[in-house]
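Q: What shape does this take:
(one chain, ligands or ions: 1)
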Amino acid sequence: MGQEFSLWWQTGVIYQIYPRSFQDTNGDGIGDIPGITSRLDYLADTLRVDAIWLSPFYPSPMADFGYDVSNYVDVDPVFGTLGSFDEMLQGAHDRGLKVIVDWVPNHSSDQHPWFLESRSSRDSLKREWYVWRDAKPDGSPPNNWLSWFGGGAWEWDETTGQYYLHSFLKEQPDLNWRNPEVKRTMHDVLRFWLDRGVDGVRIDVANMILKDPELRDNPPNPEPAATSGHARAYWSQVHLYDKSHPDVHDAFREIRGVLDDYGTSAPRMAVGEMFESDRRASASYYGNNLDELHMPFNFALISAPWTAQAVRNVVDITEAIVPAGGWPNYVLGNHDQHRLASRIGAEQARVGMTLLLTLRGTPTMYYGDELGMHDVPITLEQVHDPWELNEPGLGRDAERTPMQWNTQPNAGFCALDVQPWLPIAGDYREINVAVEREEQSSTISLTRSLLELRRAHPCLAVGSYRPVDDGPESCFVYLREHEQHRCLVALNFSAESQTVALQKRERGSILVSTHLDRVEEVDLSRLHLRPNEGCVIEVGRR
Ligand code: NOJ
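A: All right, here's what the predicted structure looks like:
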C-alpha cells in the first residue's frame, strides 16, 4: 500500500500554548516561559501530547501581543530570558516533547531598530527593508489595499513624505521580502532558533510575504459574504495582489532549504499559517516536489458549518488535495478563533475532539480545549485586542483567557493577589485541570483517552482514511486502517439518537465513547449512538 508516515510531526499531536495565558510565575498577571517549564509534566505525562507550539515570546511593544516583533533573537522580559527559554527547551526535550516556535516574517514592529532606521530618511541603508511608496498625485495612498485589522494598508510618514505598507496594524510594517538582505537576515533568524535546538517553526501569515511587485489595485469582490462568511470591509476586495504571489513558492523552497540543512536524523519542520479560500491553492504550498512547507495549516474544519455532511466534505477534500507523499493536518481552535466549545456547544466539542484526534493527519489542539474551556465574556474596560477597538465584535480576547489549572482564586494561573491580564472564566471551579483529572467523564479524561488510543493504535495515527456511507445523514462514519488493524469512528453530530447500520455484518468493540461510560462489544449492523455521541470502535482484524 503505501508510504510510511512516521516522522514526529506526522505521528505526533501538537498543542498550542499562548504564553501570556498559560502560567504566570513572576506575579505580573501575564504568563511566562518559566511558567511553561513548570507545566511540562502536565503536557508530557498527564496529557501526553508530542509537541508544543508557542505563540511569540520575543521582545515586542505588544501592539498585537507579540505578533509585532522588535527583536527576533531574544525573549521579551515579560516572558523571561534566553536562559529561561533554553531551560524550557531542555526540559521539553528531556520529556520527549518537541518545541515549535512562531516565526513572524511578514512584518516587524514599527519599533524594531530596522524600521526606525528605515523611516529615518529616504537615504537610509534600511529604506528598502520595508515597502515605501510615494502618494498618488492627489495625496492618496499608492493603491487600494486594506489592512486585515480594518482601514487602509498604507500609513503616511510625515518625516520622509512617503507611505509604508502594513497588511496588519500600522505598528506592524511589512518587511520587503524582495530585498535579498531581508531574506538573508530572516533566514538567519530561523537558524538562530534552530541552532538553539527548536524542532520546528509555525510561520505567521506565510503566504503574504510576497505581493505583486507592481502593487496593482485589488479588484472588487462581487460576493464578499460568500468568500468569508462575514461582510467586513476587508472582504469587499478579492485579495489578488496583496498576498500569494507565485514567488511565494520560491521563498518557501528557500526556507525549506534552511530547515533541511539540519539533516534528516532529527528533521526540523515548518507549518505555515495561510488563508486561501481556494483549498487547492493552500495545498500547493506543500510544493510540487514536496519541497516547500511540511504542512500548510488546514483551517477548513473551523470555517465549515458543524454538520456531519459539511465536515465529511472537508475531510474528503483534504484527502483529495494533499499531494502524494504529503501529510494532512487539522485544526479546531487557536488564538484567533472563538473557542471550540463556544462555537459548537460543550457536547459537540467532545465530538469535535474525537474527530480531531482520530483523523488521518496531524492534529493541532489549542490550550484549554482539552478542558472544554469556552470564550469568556470581555467587558469594554477589559478589551486588550486592538482589532476589537478597530472593528468591534471581531476581538480575540475571549479565546485568550488564562488557562484554568485548579479551584483556587485565579484558577492557579497566577498568585491570589495578582490581577490576571484577562479575566478568568466564571465557571473555572468546575472547568479546570485539577477537578477534571479526577472526574471519569470529564473532557480532559476524554482527551487523554483519545491521545492514548492514538498512540496505542497505529491505524489511528498513520492508517488510511475511508469514509463509510452507511450512516444516517447526521452521522459521520469513517474507517482507519493500518496493516491488519482497523478502527471505525462513528460521530453523531445531532442531539438525537441515531443508528448506524453497516452493510457488512460485523462486530466491534468500543474503545472509547465521548460519554466515557461504554466499553462494550457492538453489532455494527445496528450501532446505536446516543445524542452527541461519538465512538471509536476496534473492528475485527482482517
Ligand atoms: C496571524 C496571527 O495568528 C494573529 O494572531 C496575528 O494578529 C496576525 N497574524 C498578524 O501577525
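
Q: Distance of V99 relative to D369?
A: Look at V99 and D369: by CB to CB, to the nearest Å, they are 20 Å apart. For every residue, glycine as well, the C-beta is placed using N, CA and C.

Q: Same check on F115?
A: Relative to D369, F115 is positioned 36 Å away (CB to CB).

Q: my read is G352 is in a helix, agree?
A: Yes - G352: assigned to a helix according to DSSP: H, G, I helix; E, B strand; the rest coil.

Q: so how many other residues sit close to it?
A: The number of residues packed near G352 is 25, by other CB atoms under 10 Å.

Q: Can you verify my assumption that it contacts L332?
A: Yes - assessed by CB atoms under 8 Å, G352 is found in contact with L332 at 5.5 Å.

Q: Need the overlap of contacts for these two.
A: Residues touching both G352 and L332 (CB atoms under 8 Å, 6 or more residues apart in numbering) are L340.

Q: Next, R202: phi, psi?
A: phi -100, psi 120 (degrees, to the nearest 10).

Q: Kindly state the pLDDT recorded for it?
A: pLDDT, R202: 98.

Q: ok, now G229?
A: pLDDT, G229: 52.

Q: go on, Q503?
A: Here, the pLDDT recorded for Q503 equals 84.

Q: Please report how far the closest residue to it other than its chain neighbours lies from C487.
A: Once flanking residues are discounted, Q503 sits nearest to D470: 5.6 Å by CB to CB, 6 or more residues apart in numbering. In this view, D470 and C487 are 16 Å apart by CB to CB.

Q: With N390 instead?
A: 46 Å.

Q: now swap in L125 and tell me
A: Relative to C487, L125 is positioned 59 Å away (CB to CB).

Q: ditto for P220
A: Distance of P220 to C487, given as CB to CB: 48 Å.

Q: and what of G263?
A: From G263 to C487 the distance is 34 Å (CB to CB).

Q: Among these two, which residue is more densely surrounded?
A: The neighbour count for G263 versus C487, taken as other CB under 10 Å, is higher for C487 (23 against 9).

Q: Now that one: which helix or strand?
A: For C487, the host element (DSSP states H and E) is strand 485-492.

Q: For that strand, name the packing helices and strands.
A: Counting contacts by 3 or more CB pairs under 8 Å, 6 or more residues apart in numbering; DSSP states H and E, strand 485-492 packs against helix 346-356, helix 458-462, strand 475-482, strand 527-529, strand 534-539.

Q: partners of that strand in the sheet?
A: Its sheet considered, strand 485-492 pairs with strand 475-482 (antiparallel), strand 534-539 (antiparallel) by DSSP bridges.

Q: Can you find the helix or strand in this structure with the smallest mean pLDDT?
A: The least trusted helix or strand in the chain, going by mean pLDDT, DSSP states H and E, turns out to be helix 224-228, with a mean of 63.

Q: I'd like the next helix or strand past that helix.
A: Remark: after helix 224-228, the chain's next helix or strand is helix 247-260, criterion DSSP H and E.
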